[in-house]
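Engineer: turn this into a structure:
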Amino acid sequence: MDAHGELRNMGKNRNNKGLAVVFLAISIVMLCALVGLAVDVGYMYVAKGQLQNAADAAALAGAGNLASDSTSTNQPTARQQAVAFAAQNKAAGSSVTIDSNNTNAPNGDVVLGNWDPTRDQSPVDLRFLPTPDGSHPLPSGAFINAVKVVARRTGENGTGIAPNNMVSIFFGKVIGWSRMAAKAQAIAQNTLPPFITIPLCQPTCGITTMLDGSTKFYFKTSDGTPNTGWTTFTDNVTSQPNIEDYITGAKQPPNLCQLLKNPPACIFTTQGIVTPDMCKLIEQIRLHSRTYTVNGTTVTGWKVFIPILDSNTPNPCPHTGSGCLGDPGYQPGDAYPFIQLAEAIIPDAFAQGNCSQLNPPNQKGNPAIIFVGTGPPATGVPGSSTIVCQTCDALAGDLTNIIKLVK
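Structural biologist: Numbers count the residues shown, from 1 in each chain. This is a model prediction of the structure:
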């Protein structure tokens, strides 16, 4: 190789080394940027988790202070407790601040509303009303049973939203991206234990029910015995929408134990005339089913409290027929004295027609429910129990409100 060739190769080597240094520098910068981005994103996930903890705590505190049987959003204690519990949490190094939103603006930080898990979720999630955009407001007279809390570091502002700033990040500042937004939401529900809208008569307290759920209660005499009816507890008109709202928890019944203190508490009933959507009842059974041990046997179902009515005569309440639920003279609008509660487990129900929205779909059958009692074994009948009537005092521990996160 001549001298000119060697000079050309030396020049190429120097150029290659120069390019390698440039590529290495670019790679280091890109790697640092990726690491920085990963750190910033990870920090944001931590901040969002902290906001979620604050929203959860605030929603539970607010729901725990909702007034019983109220349709008013003017509940300052619930709002104040939500604000106070949020402030006990920190997100990205700062205390979480939310606005009490006293006007109940639908996009505010603390919103009092109604939760019904059976309402549509698509195209708009209507389980909690009002919706944030106000397109579906809280219906007039709706029972306030839930609190929604939004904890934000988004820079948003508006009615019912506390001043807040986006979260400052670290490495993003190098490329002019100094802040990121984070937000978390929680909804907590305050509900009474399920007082089922299916009344039973006094003789039922001693009925023997097999733990395999073989005892069915029918809603029409023509379908079978024993029979039962529907109730809205005190109204002399038993309306189908109210019954369904009680089943789903969208409305809560009156304080039944309080009614017992002022006898006669007349419970109005109807049989067959009102036919609420049994699919909603089955949905609630499946949604709330838990496993219980009854007399040493495992039972799975929805634990409910049933109003027990006095079928004895004379009846101090409006009543035109004879006997109790299911007798031929029974008429809608008849009332019986409410005397005590029974505790039972409902493992299943049937409906006329398939409930296509359920998974698995409900098998066709007569409109009926199946109860499993929770009392002591019946004499001489191993493996069975009775639907036991209890006083409110005896059930006091079971009748406390249930506060839970639903979303």
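Engineer: model confidence over stretch 165-175, on average?
Structural biologist: Mean pLDDT, stretch 165-175: 68.
Engineer: now stretch 94-106: buried residues?
Structural biologist: 96-101, 104-106 (16 or more other C-beta atoms under 10 Å). Where C-beta positions appear, they are placed from N, C-alpha and C, glycine not excepted.
Engineer: and these, which is closest to residue 404?
Structural biologist: Residue 404 lies nearest to residue 98 out of the buried residues of stretch 94-106, by C-beta to C-beta, at 20.4 Å.
Engineer: next structured bit after the helix or strand of the chain with the lowest mean pLDDT?
Structural biologist: Counting by mean pLDDT, DSSP states H and E, the chain has its least confident helix or strand at strand 208-210, which shows a mean of 63. With elements assigned by DSSP states H and E, the helix or strand that comes after strand 208-210 is strand 216-218.
Engineer: list of residues touching the helix or strand that that next one is followed by?
Structural biologist: The first helix or strand that comes after strand 216-218 along the chain, using DSSP H and E, is strand 230-231. Applying C-beta atoms under 8 Å, 6 or more residues apart in numbering, the external contacts of strand 230-231 come out as 197-199, 219, 238, 243, 267-271, 274, 276, 307.
Engineer: let me know the closest of those to residue 114.
Structural biologist: Closest to residue 114, out of all of the contacts of strand 230-231 and judged by C-beta to C-beta, is residue 243, at 16.8 Å.
Engineer: do I have it right that the closest one meets residue 278?
Structural biologist: No: with contact defined as C-beta atoms under 8 Å, residue 243 does not reach residue 278; the gap is 10.9 Å.
Engineer: inside helices: which ones of the buried residues of stretch 94-106?
Structural biologist: Among the buried residues of stretch 94-106, no residue falls in helices (DSSP state H).
Engineer: format these as CSV; extra columns: distance to residue 134 and pLDDT.
Structural biologist: As requested, the buried residues of stretch 94-106 are arranged in CSV below (distance: C-beta to C-beta, whole Å; pLDDT from 0 to 100):
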residue, distance to residue 134, pLDDT
96, 25, 95
97, 24, 95
98, 19, 97
99, 17, 97
100, 19, 97
101, 13, 97
104, 11, 97
105, 8, 97
106, 5, 96
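Engineer: point out where the protein drops to low pLDDT.
Structural biologist: Counting by pLDDT under 70, the chain shows low-confidence ranges at 1-40, 42, 169-178, 208-212, 313, 320-333, 364, 375-385.
Engineer: scan it for its longest strand.
Structural biologist: For the chain, the longest strand by residue count, based on DSSP state E, is strand 335-350.
Engineer: if we can go back for a sec, can you list the contacts of strand 230-231 in JSON lines and add secondary structure and distance to residue 140?
Structural biologist: Shown next, in JSON lines, are the contacts of strand 230-231 (DSSP: H, G, I helix; E, B strand; the rest coil; distance: C-beta to C-beta, whole Å):
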{"residue": "197", "secondary structure": "coil", "distance to residue 140": "22"}
{"residue": "198", "secondary structure": "coil", "distance to residue 140": "28"}
{"residue": "199", "secondary structure": "coil", "distance to residue 140": "28"}
{"residue": "219", "secondary structure": "coil", "distance to residue 140": "31"}
{"residue": "238", "secondary structure": "coil", "distance to residue 140": "21"}
{"residue": "243", "secondary structure": "helix", "distance to residue 140": "20"}
{"residue": "267", "secondary structure": "strand", "distance to residue 140": "26"}
{"residue": "268", "secondary structure": "strand", "distance to residue 140": "24"}
{"residue": "269", "secondary structure": "strand", "distance to residue 140": "27"}
{"residue": "270", "secondary structure": "strand", "distance to residue 140": "25"}
{"residue": "271", "secondary structure": "coil", "distance to residue 140": "30"}
{"residue": "274", "secondary structure": "coil", "distance to residue 140": "23"}
{"residue": "276", "secondary structure": "coil", "distance to residue 140": "22"}
{"residue": "307", "secondary structure": "strand", "distance to residue 140": "28"}
